[in-house]
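Engineer: quick one, fold the following:
(2 chains, ligands or ions: 3)
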Amino acid sequence: MAQATDPGADGANPAPPLLRLRGVSVTFKTSKGLSPVVRGLDLDIRAGETVALVGESGCGKSVTALSILRLLPPAHASIGGSILFEGRDLLSLPLKDMQDVRGDSISMVFQEPMTSLNPVMTIGEHLVETIRQHRRVSRAEALRQGIELLKAVRMPDPERRMAEYPHRLSGGQRQRVMIARAIACRPKLLLADEPTTALDVTVQAQILALLRQLQQDFGIAILLITHDLRVVADFADRVVVMYAGRKVEDTVAGRLFGAPQHPYTQGLLAATPRGMRDAAGGRRRLREIAGTVPDPMAPPPGCPFQPRCSRAIEQCGRELPLLGPADGDGLVACFRPGAAP
Amino acid sequence: MWQGAITIVAIAIFNFCLIHMAPGSPVDVLAGESGTADPAMMEELTRRFNLDQPFHVQLFSYLWNMAQLNLGQSYRDNQPVVTLILARLPATLLLMASAIGAAFLFGLLLGVVSARFVGRAADEGISFFALVSYATPTFWSGLMLITLFSVKLGWLPSSGMMTIGSDKTGLAFMLDVGRHLILPTLSLSLFYMAIYTRLMRASMLEVYGLDYVRSARARGLSEARVAFRHVLRNALLPMVTMVGVQVGSILGGSVVVETVYGWPGLGRLAFESVGRRDYNLLLAILLFSSVMVIVTNLVVDIIYTLLDPRIEHGKK
Ligand SMILES: Nc1ncnc2c1ncn2[C@@H]1O[C@H](COP(=O)(O)OP(=O)(O)OP(=O)(O)O)[C@@H](O)[C@H]1O
Ligand code: SF4
Ligand SMILES: [Mg+2]
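Structural biologist: Ligands and ions are numbered 1, 2, ... in the order given. This next block holds a predicted model:
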């Protein structure tokens, strides 16, 4: 794991991050009106780094990842702010150039291995299609690379698998195919949206080990969206906690577990039993914190977490806490941050 | 295969019972037409056609003959019914193939365009056209097409399968038949085209919302590639099923269309045989039709397995 990298000021490494989101907001047009589901999000990911994005269901994690690749339906979602990838603003790229980025320098793995492969295409066709979309290689060469990719993701019997259809594969095998497909063009950034949530525990561990191996081998930066705090502890360099479309804490992974600053982060950790690593079996998603997530269309005044916060003071109901440097490392958006009382 | 055979026998028995419940016998009609109701001759005819036997004996002998592939003589023309049917079969097959083909092809195209421009003018226009086509009765659209294209504009022939008295051969003959085929195909296929348009549109829209389409976009595929490689093929599956289900009803519709356009096919022959109470002929036509429907369904099943690898060969 990387040494403490302050996400704000980083004197030692002045090179700009691989991906830089600034003031990104996503608004859906719904039948009931405009629904702002991501609000003013700043996010940096450096080359080779793993950043975990955590938060309760509906806080905007998937929407954030999809907006990076501009995969949200343009008729229903508008994206504001800027998304700089290697210095280019993805939001202002022509569609053709955006398509050249997708699957080549940035690729994505989705949560649903059962439905993310086309049922009428063989595994080989999926891989060949992706490779030849971005590389001018012959079919035979693409097939050869496809077999190599299946070997890289530890798929048993790769030659035979190439000719098989997705329904013959287990969930874990399909997720391996999706990962193989995602790394086919050696991306610099992999967006992994809950890549293991739909899988059995043992398979989860295998897939995560695979992701980590590939990251070390190829130096891929990963944005890992997850519900599972165990995964965060093992895997991520940095953790970004989202609540109701906003970033509320951003810190080094080790520190998040040692000294969480935001009351929401503390709530998330409290909802996960101690000794997370050794607890045998059982998929552990974040248990709900008391209270409900605010409706994006009618957020409470002041701090969005205030109705559920045991530490709220009068100011919290009036003003929105802005993201600022936390005690020590990292950033936090709270009027009363720090260790739980 | 066995299922098919059993189905055919069941259909044959059902048809037989149904026809025997209808009032009037062929003898009545023959006698009525000749204007003489000579009781002796009627008795003679009744015996010759086996109509004096009890019902179950008639049914049994019918099935027995059928098992020996003997479908009997027409009461009317004294020709084997199979000869009469085979003479009419090509015309019906041609009309069916052309109607199903047209309905499928145009339904598919319009559905794809509709889904591609959902909510926009093209989609609205196509939806309106489909609704009108769906709601128009076949016989009426047939008459209107004849009025417009044959009577008013004089572009296309209004009846028959080829120009009478012409001895065209080769390409000229095919073109001639083709010209005669256009209007009957149009009226028979409009209704089904409307159904396929709506079905294809819905099916495309559904597939567009699926995860593998999003993940195809996430890999940088162009919209055209996404549409053709990922959406279209999956969206076709319900269409193919639908065609299989509807062959029977298209065949039924061809009775009306063949009658309106004087198309020399099985449908019109069936219509005529009902009027004459020519039971043997009618039964044989119904039997042929059910065989045609069953065979088409087999073909559709095979096409479906080719399109959808999830259906494994040999397992059912
Ligand atoms: N197409 C859409 N139209 C309208 N609202 C949407 C749309 N997609 C997502 N949302 C809303 O955006 C919010 C964030 O959704 P998102 O999928 O990003 O949540 P998430 O953090 O990924 O949650 P989960 O952990 O359940 O995956 C939710 O309130 C959701 O209802
Ligand atoms: S700002 Fe106030 S309400 Fe919001 S999390 Fe901090 S203490 Fe709780
Ligand atoms: Mg999600």
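
Engineer: around ligand 2, pick out the residues from chain A.
Structural biologist: Within chain A, the positions near ligand 2 by Cβ under 6 Å from any ligand atom are A:263, A:303, A:305, A:306, A:309, A:311, A:312, A:316, A:321, A:334, A:335, A:336. (Each C-beta comes from the backbone N, C-alpha and C, glycine too.)

Engineer: can you redo those residues as TSV with neighbour count and pLDDT?
Structural biologist: Formatted as TSV, those follow (neighbours: other Cβ atoms under 10 Å in any protein chain shown; pLDDT from 0 to 100):
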residue	neighbour count	pLDDT
A:263	28	90
A:303	29	92
A:305	26	92
A:306	21	90
A:309	20	88
A:311	16	88
A:312	18	88
A:316	23	90
A:321	21	91
A:334	24	91
A:335	18	91
A:336	16	87
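
Engineer: got JSON lines for the residues you listed, with secondary structure and distance to ligand 1 too?
Structural biologist: Shown next, in JSON lines, are the residues of chain A next to ligand 2 (DSSP: H, G, I helix; E, B strand; the rest coil; distance: Cβ to the nearest ligand atom, whole Å):
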{"residue": "A:263", "secondary structure": "helix", "distance to ligand 1": "19"}
{"residue": "A:303", "secondary structure": "coil", "distance to ligand 1": "19"}
{"residue": "A:305", "secondary structure": "coil", "distance to ligand 1": "15"}
{"residue": "A:306", "secondary structure": "helix", "distance to ligand 1": "19"}
{"residue": "A:309", "secondary structure": "coil", "distance to ligand 1": "20"}
{"residue": "A:311", "secondary structure": "coil", "distance to ligand 1": "24"}
{"residue": "A:312", "secondary structure": "coil", "distance to ligand 1": "23"}
{"residue": "A:316", "secondary structure": "helix", "distance to ligand 1": "23"}
{"residue": "A:321", "secondary structure": "coil", "distance to ligand 1": "21"}
{"residue": "A:334", "secondary structure": "coil", "distance to ligand 1": "20"}
{"residue": "A:335", "secondary structure": "coil", "distance to ligand 1": "25"}
{"residue": "A:336", "secondary structure": "coil", "distance to ligand 1": "25"}
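
Engineer: without its sequence neighbours, what residue ends up closest to residue B:227?
Structural biologist: Distance criterion Cβ to Cβ, 6 or more residues apart in numbering or on different chains; nearest residue to residue B:227, sequence neighbours excluded, is residue B:116 at 7.0 Å.

Engineer: can you report how many residues neighbour the one you found?
Structural biologist: 18 (other Cβ atoms under 10 Å in any protein chain shown).

Engineer: wait, it touches residue B:224, no?
Structural biologist: No - with contact defined as Cβ atoms under 8 Å, residue B:116 does not reach residue B:224; the gap is 10.0 Å.

Engineer: list the contacts for the residue in the stretch 51-200 of chain A positioned nearest to ligand 2?
Structural biologist: At 13.7 Å from ligand 2, residue A:55 is the closest residue in the stretch 51-200 of chain A, using Cβ to the nearest ligand atom. Taking Cβ atoms under 8 Å, 6 or more residues apart in numbering or on different chains, we find residue A:55 in contact with A:61, A:241, A:242, A:243, A:268.

Engineer: mind checking pLDDT for the residue lying closest to the fourth one once chain neighbours are set aside?
Structural biologist: Just to be clear, that refers to residue A:243. Counting by Cβ to Cβ, 6+ apart, residue A:264 is the residue found nearest to residue A:243 once chain neighbours are left out, at 5.1 Å. Looking at residue A:264, its pLDDT is 91.

Engineer: pretty sure residue B:194 is touching residue B:134, no?
Structural biologist: Yes - in this structure, residue B:194 is within contact of residue B:134 by Cβ under 8 Å, at 3.9 Å.

Engineer: comparing these two, which residue is more hemmed in?
Structural biologist: residue B:194 (24 against 15).

Engineer: ligand 2 versus that one, what's the distance?
Structural biologist: Going from residue B:194 to ligand 2 by Cβ to the nearest ligand atom, to the nearest Å gives 58 Å.

Engineer: now swap in residue B:108 and tell me
Structural biologist: Taken as Cβ to the nearest ligand atom, the span from residue B:108 to ligand 2 is 56 Å.

Engineer: burial measure for whichever residue of chain A sits closest to chain B, as a count.
Structural biologist: Among the residues of chain A, residue A:103 lies closest to chain B, at 3.3 Å counting by Cβ to the nearest Cβ. By the criterion of other Cβ under 10 Å, residue A:103 has 27 neighbours.

Engineer: how far away is it from residue A:190?
Structural biologist: 11 Å (Cβ to Cβ, to the nearest Å).

Engineer: spit out the residues that contact the two alike.
Structural biologist: Common neighbours of residue A:103 and residue A:190 (Cβ under 8 Å, 6+ apart) are residue A:182.

Engineer: list the residues that contact the nearest residue to residue A:90 once chain neighbours are set aside.
Structural biologist: By the measure of Cβ to Cβ, 6+ apart, the closest residue to residue A:90 outside its immediate chain neighbours is residue A:83, 4.5 Å from it. Going by Cβ under 8 Å, 6+ apart, residue A:83 touches A:19, A:20, A:21, A:22, A:24, A:67, A:68, A:89, A:90, A:91.

Engineer: just give me the neighbour total for the last one.
Structural biologist: As a burial measure, the neighbour count of residue A:91 was computed by other Cβ under 10 Å and equals 17.
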